[in-house]
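# Just a sequence and a predicted model for now, questions to come.
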Amino acid sequence: MQKRILLCLAHMSGNEMKYIEEAFADNWVVPLGPNVNGFEKDLEEFMSGGLPTDAPADAKKVVALSSGTAAVHLALIACGVGPGDEVMVQSFTFCASSNPVRYLGATPVFVDSEPQSWNMDPDLLDRAIADRIAVTGRKPKAIIPVALYGMPYRIDRIMEVAAKYDIPVIEDAAEGFGSSFAGRRLGMFGRFGVLSFNGNKMITTSGGGALVCPSAEEGKHILWLATQARESYPYYQHETIGYNYRMSNICAGIGRGQMTVLDEHIAHHRHVQELYCELLGDVEGVEMHRNPWPEADSNFWLCTLTLAPGLHVKGEERAYAQVVTGAVGGAAGVTHAAATAQTDCQPNRNVEAMRMALDEANVEARPLWKPMHRQPVYRDCPAYVNGVSENLFKVGLCLPAGPFVTDDDVRYIADVIKNSIVK
Ligand SMILES: *Cc1c(COP(=O)(O)O)cnc(C)c1O
């Protein structure tokens, strides 16, 4: 029987246990210690590795945290976001980019994508900010572009817009760890850069994240917030609300082991993408999402394709016939049972039929992320839309791309896709 091919699964290098055993031997089973420091140093080296040689590589400080979501949360706090503020967020993203805005009692203002990278449209961002200032009389406090599926956003243009209004950028590079734009790693352009090491990301610490900070001083401030914001008295003295967001020394040990295979992982994701392009490149009605500009160098965390609305896929008549049990990312925990088989914004029937065909062939595929401006929980938030992300959501699918996906797997997946199309 065909083994199940998953989207992206953690893959251990074999070096992780060494660091974990050291932590036990030295009694560092706490949220600080040599692995945390070592992991941060590894990350700083990796992140500056993509810089042009004349750039100030040593300026940034990386702080390891308990999750990427925590990194978004602390970056927002450092940008001064509070109740009643607005934050410009790419609508085409996972909820972790925008939920922390809500944690702070602030409002995300969603900005749609441009069709090349599928990420934040810089021109629309510019107009949206001008409009927010006109409507509210106040400037948004931060801008969050997202490297969806690892694809670089148009960061040169986004930084221009940010400079024009003097608003800080928080790069959500949680999916784009190792991607670069014009030779520089994503996460190094904005005031802050968010990384994630969840179980399904480019590398894992079982769960974890990091914040790339603009200076040692800002890094220290983030670290202080992440460790309950303690004042230096012989007793607990608190003058600011803090968080328990530091990465543990055990998790960081896994991270150090993972760093030894990061380059290999990225190379493998890119190889899988190339193979999909080769095998599906001339299939009519099927289009792989590729690097759109010479400056863009995606890590291809997930490989994605779109299906032409007119393409017919076997089993279309059965699409959405049943209420689905379980949800995407079900491994992450409890999901609510779906109340209905359909919602008012969902992928086209041929896309759902393709997902079902792959599922029946033991391949995990997943629709593209549903834009935040179409999520019921964000119904009341302002949104500046051009139809790009909603349309992509209706036509797109994510395909398996992780280190466990072999060349034979990719050929098998491409065959399932081709054989599912009605000739
Ligand atoms: C995974 C992810 C995050 C958050 O990372 P966690 O470590 O899971 O908290 C943030 N933004 C995006 C776009 C992500 O995909």
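Alright, I've got the coordinates.

# What residue in the stretch 201-350 of the chain comes nearest to the ligand?
The minimum distance from the stretch 201-350 of the chain to the ligand, using CB to the nearest ligand atom, falls at residue 209 (4.4 Å). In short, each C-beta sits where N, CA and C put it, glycine included.

# Now that residue: closest residue in space, sequence neighbours ignored.
Nearest residue to residue 209, sequence neighbours excluded (CB to CB, 6 or more residues apart in numbering): residue 68, at 3.5 Å.

# next one: residue 266
In this structure, residue 266 finds its nearest non-sequential neighbour in residue 178, 4.4 Å apart by CB to CB, 6+ apart.

# For the one you found, give me its contacts.
Shown in contact with residue 178 (CB atoms under 8 Å, 6 or more residues apart in numbering): 46, 150, 185, 202, 262, 266, 299.

# Go ahead and confirm the fourth one touches residue 177.
Going back to what we said before, that points to residue 202. Yes. With contact defined as CB atoms under 8 Å, residue 202 reaches residue 177; the gap is 4.5 Å.

# any shared contact partners between those two?
Residues touching both residue 202 and residue 177 by CB under 8 Å, 6+ apart: 150, 299, 301.

# Could you check how many residues crowd around the last one?
Applying the criterion other CB atoms under 10 Å, we find 29 residues in the vicinity of residue 301.

# With the first one instead?
Burial of residue 150 is recorded as 28 neighbouring residues (other CB under 10 Å).

# Can you verify my assumption that it contacts residue 179?
Yes. Counting by CB under 8 Å, residue 179 is a contact partner of residue 150 at 4.9 Å.

# Now do the shared contacts for these two.
Common neighbours of residue 150 and residue 179 (criterion: CB under 8 Å, 6+ apart): 298-299.

# and the gap between the residue of the chain at minimum distance from the ligand and residue 74?
Residue nearest to the ligand within the chain: residue 68 (2.5 Å; CB to the nearest ligand atom). Distance of residue 68 to residue 74, given as CB to CB, to the nearest Å: 11 Å.

# cool, and residue 194?
Residue 194 sits at a distance of 9 Å from residue 74 (criterion: CB to CB).

# Based on its surroundings, how many neighbours for residue 249?
Residue 249 has 27 neighbouring residues, counting by other CB under 10 Å.

# Tell me who's in contact with residue 381.
Contact analysis of residue 381 by CB under 8 Å, 6+ apart lists 107-110, 372-373.

# make it 7 Å
Residue 381 makes contact with 107-110, according to CB atoms under 7 Å, 6 or more residues apart in numbering.

# Repeat that for residue 108.
Taking CB under 7 Å, 6+ apart, we find residue 108 in contact with 87, 89, 98, 101, 378, 381.

# now, the most widely separated pair of those?
Maximum pairwise distance among the contacts of residue 108 (CB to CB): 12.3 Å, between 87 and 378.

# Check what contacts the lowest-mean-pLDDT helix or strand in the chain and list those residues.
Taking mean pLDDT, DSSP states H and E as the measure, the chain has helix 16-25 as its least confident helix or strand, at a mean of 88. With contacts defined as CB under 7 Å, 6+ apart, helix 16-25 is touched by 29, 33, 35, 249-250, 253-254, 256-258.

# go with 6 Å
35, 249-250, 253-254, 256-257 (CB atoms under 6 Å, 6 or more residues apart in numbering).

# mean confidence for the helix or strand just after that helix?
Proceeding N to C from helix 16-25, the next assigned helix or strand is helix 34-49, under DSSP states H and E. Helix 34-49 carries an average pLDDT of 94.
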